[in-house]
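S.K.: Only the shape, not the letters, is given here:
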């Protein structure tokens, strides 16, 4: 065997080694990712299946991934007295709609001004808005303002106002609008259009993708909000869905504890566990159903923002 | 000057609502912070109440709970940062090296999903899965013989931080990876080709090519997360609290809520809140400065 043949041979072994190396790392990657996906999915499946399991089976065997005793009992009880649930849904939907539309308008208007390079106070305004993310007065002064000065306790405005304005959304929207060519704005101006008209007729239609994304961010925030209800809502008629869920989970807990103390857990026919699960499904159902279709808009929002940091 | 305003009058009208909103909801409370230095009585108002200087700050720092709050808040956020910061990066690197587009899509869709559920539902899930007798974890451990009797993890103060942090990672890992994936899509493919010719495997590619390329993104996000290190959010800590784990789960934000809104000690809890904001701001500025010193660009 000549020297060059030996070297060729060695190279070949090395290349084969690299191949198995590559395969090995690829395989590890796939396995880790698959496990992660299962970990993320598992709780959802468990909740869906438990909401469909007979309470008596849960009480003895615990939660199961595949219900051995299928039952719609929990949903039946949930919808037996649906007024409260429907009211909570109505509050959440109204707050989400009003908040999203108003917030979107506010975000777009502000972002457009900040994206215009010929707007004289652009930097001053940017700092004025950005500063609020650096330093704030804290919970108490804000709460006193909302309750004692603006008298917003137990009003729908208390649920809408706090989340209308978000500096992060403005930054995302601004960097999207900055990509609109200045020439378009200039030519519209030459045609005699004012800034207001330009915004409505040109910028808004051109920013549809960013508007969709920010709109969804806002809507998700409103849908999932319970914190502002905790602070400002004591009237049952104004309870949004998540706060209602929070209250009910708490009450059921209290109920269960009371029952446990009297030793009645096994004999009761009130399905507490599966009822909790059913309620969780009802509260996040619409989002989980819509999620696969709207997911890409959310991703878009983060990445538009990332372009300019 | 007036001509310039006139020329852009439309823009001024467009920015006006936001200007007013921020004055009302962000800068007015900043003015309201004055009550932290007063013995504030709502009837007397901000100007009418007695000025007592730093009394509330001193009182807070001499309370027994002061160090408990600082310890809980700090340990939760440092733990969250240490455990939670690298994992989305690893996920993004792994996703980036996967060749099958379909597999990648499925993993992304599934791992982003937990981000969309509310805190109420997340904590509800925790309570159900970890419930002492019926919870899935308790059942598994009991049937595997690793434990006998009820699982008391929800009321155990020592377990609180692990539950808090790892449920947060569960909820945020997929979502957190998005921004790194976006940065990774900007990595020059010719770098990969060159490294492969030199015999790099996937691990080498991720470590020596991908990771250095997204370093600016990592640093920016790290600065932002360091700035919020005393800003452990109210919602999850509050929802996960129960009377038995309070020694580990009481953080500054939940304490402010309870002392301020439930017990109406307005001035005192405004002082606590202000103390918290001030430390957060100092931290953010310090980290930003450090980052600049080490040759990174910082965030402002």
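M.R.: Structure received. None of the values given here were measured: they were computed from a predicted structure.
S.K.: switch to C-alpha atoms for all contacts and neighbour counts from now on
M.R.: Fine.
S.K.: Enumerate the residues of the stretch 51-200 of chain B near chain A.
M.R.: Applying CA under 8 Å from any CA of the partner chain, we find that the stretch 51-200 of chain B lies next to chain A at B:91, B:94-95, B:97-98, B:107, B:109-111, B:113-114, B:116-121, B:124-125, B:128, B:134-136, B:139, B:170, B:178-179, B:182, B:199-200.
S.K.: residues in contact with residue A:212?
M.R.: residue A:297 (CA atoms under 8 Å, 6 or more residues apart in numbering or on different chains).
S.K.: Would you quantify the distance from it to residue A:173?
M.R.: Remark: distance between residue A:212 and residue A:173 (CA to CA, to the nearest Å) = 11 Å.
S.K.: Would you map out the domains in chain A?
M.R.: A:3-51, A:73-308 (automatic domain parsing).
S.K.: Could you say which of those domains is packed most deeply?
M.R.: domain A:73-308 (a mean of 18; mean count of other CA atoms under 10 Å in any protein chain shown).
S.K.: now it: how far from the chain's centre is it?
M.R.: Offset of domain A:73-308 from its chain centre (CA atoms, centre = their mean, to the nearest Å): 8 Å.
S.K.: What are the boundaries of the helices in the stretch 51-200 of chain B?
M.R.: B:55-62, B:64-84, B:86-97, B:101-112, B:119-129, B:136-143, B:157-184, B:189-197 (DSSP state H, counting those that start in this stretch).
S.K.: Format those helices as CSV; extra columns: distance to residue A:146, mean pLDDT and mean neighbour count.
M.R.: Shown next, in CSV, are those (distance: least, CA to CA, whole Å; pLDDT from 0 to 100; neighbours: other CA atoms under 10 Å in any protein chain shown):
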stretch, distance to residue A:146, mean pLDDT, mean neighbour count
helix B:55-62, 23, 92, 15
helix B:64-84, 27, 91, 17
helix B:86-97, 38, 90, 20
helix B:101-112, 34, 90, 17
helix B:119-129, 24, 88, 21
helix B:136-143, 43, 82, 18
helix B:157-184, 30, 90, 20
helix B:189-197, 53, 83, 12
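S.K.: contacts for stretch B:140-157?
M.R.: Residues outside stretch B:140-157 that contact it (CA under 8 Å, 6+ apart) are B:127, B:130-133, B:138, B:159-160, B:242-249.
S.K.: For residue B:209, give its distance to residue B:202.
M.R.: Residue B:209 is 10 Å from residue B:202, where distance means CA to CA.
S.K.: And residue A:125, by the same measure?
M.R.: Between residue A:125 and residue B:202 the computed distance is 46 Å (CA to CA).
S.K.: and the one helix or strand residue A:197 maps to, what other elements does it pack with?
M.R.: Element membership for residue A:197 (DSSP states H and E) is helix A:195-198. For helix A:195-198, the packing partners by 3 or more CA pairs under 8 Å, 6 or more residues apart in numbering or on different chains; DSSP states H and E come out as helix A:182-190, helix B:9-22.
S.K.: chain center to the longest one, what's the gap?
M.R.: I take that to be helix B:9-22. A distance of 31 Å separates the centroid of the chain from that of helix B:9-22, by CA atoms, centre = their mean.
S.K.: Is chain A within reach of that helix?
M.R.: Yes. Using CA under 8 Å from any CA, we find that helix B:9-22 touches chain A at B:9-12, B:14-15, B:17-18, B:22.
S.K.: Neighbour count says what about those residues? Which are buried?
M.R.: For those, a burial check counting by 16 or more other CA atoms under 10 Å in any protein chain shown picks out B:10-12, B:14-15, B:18, B:22.
S.K.: which one of the residues you listed is nearest residue A:60?
M.R.: Nearest to residue A:60, judged by CA to CA, of these is residue B:22 at 55.2 Å.
S.K.: wouldn't that closest one be in contact with residue A:129 here?
M.R.: Yes. Using CA atoms under 8 Å, residue B:22 is in contact with residue A:129, at 7.3 Å.
S.K.: Now do whichever strand or helix holds residue B:276 against helix B:64-84, angle only.
M.R.: Using DSSP H and E, residue B:276 sits in helix B:266-293. Counting by axes from the mean of the first three to the mean of the last three CA atoms, to 10 degrees, helix B:266-293 points 40 degrees away from the direction of helix B:64-84.
S.K.: how about helix B:266-293: buried residues?
M.R.: B:266-277, B:279-281, B:283-285, B:287-289, B:291.
S.K.: now, which of these lie close to chain A?
M.R.: Within the buried residues of helix B:266-293, those near chain A by CA under 8 Å from any CA are B:266, B:269-270, B:273-274, B:277, B:281.
S.K.: Next, format those residues as JSON lines and append pLDDT and distance to residue A:84.
M.R.: Shown next, in JSON lines, are these (pLDDT from 0 to 100; distance: CA to CA, whole Å):
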{"residue": "B:266", "pLDDT": "92", "distance to residue A:84": "34"}
{"residue": "B:269", "pLDDT": "94", "distance to residue A:84": "35"}
{"residue": "B:270", "pLDDT": "94", "distance to residue A:84": "36"}
{"residue": "B:273", "pLDDT": "92", "distance to residue A:84": "36"}
{"residue": "B:274", "pLDDT": "92", "distance to residue A:84": "39"}
{"residue": "B:277", "pLDDT": "88", "distance to residue A:84": "39"}
{"residue": "B:281", "pLDDT": "86", "distance to residue A:84": "43"}
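S.K.: Quick check: the two most widely separated of the residues you listed?
M.R.: Going by CA to CA, the pair spanning these furthest: B:266 and B:281, at 22.3 Å.
S.K.: would JSON lines of the residues of helix B:9-22 next to chain A with distance to residue A:107 be doable?
M.R.: As requested, these are exported to JSON lines (distance: CA to CA, whole Å):
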{"residue": "B:9", "distance to residue A:107": "18"}
{"residue": "B:10", "distance to residue A:107": "16"}
{"residue": "B:11", "distance to residue A:107": "14"}
{"residue": "B:12", "distance to residue A:107": "14"}
{"residue": "B:14", "distance to residue A:107": "10"}
{"residue": "B:15", "distance to residue A:107": "10"}
{"residue": "B:17", "distance to residue A:107": "10"}
{"residue": "B:18", "distance to residue A:107": "8"}
{"residue": "B:22", "distance to residue A:107": "12"}
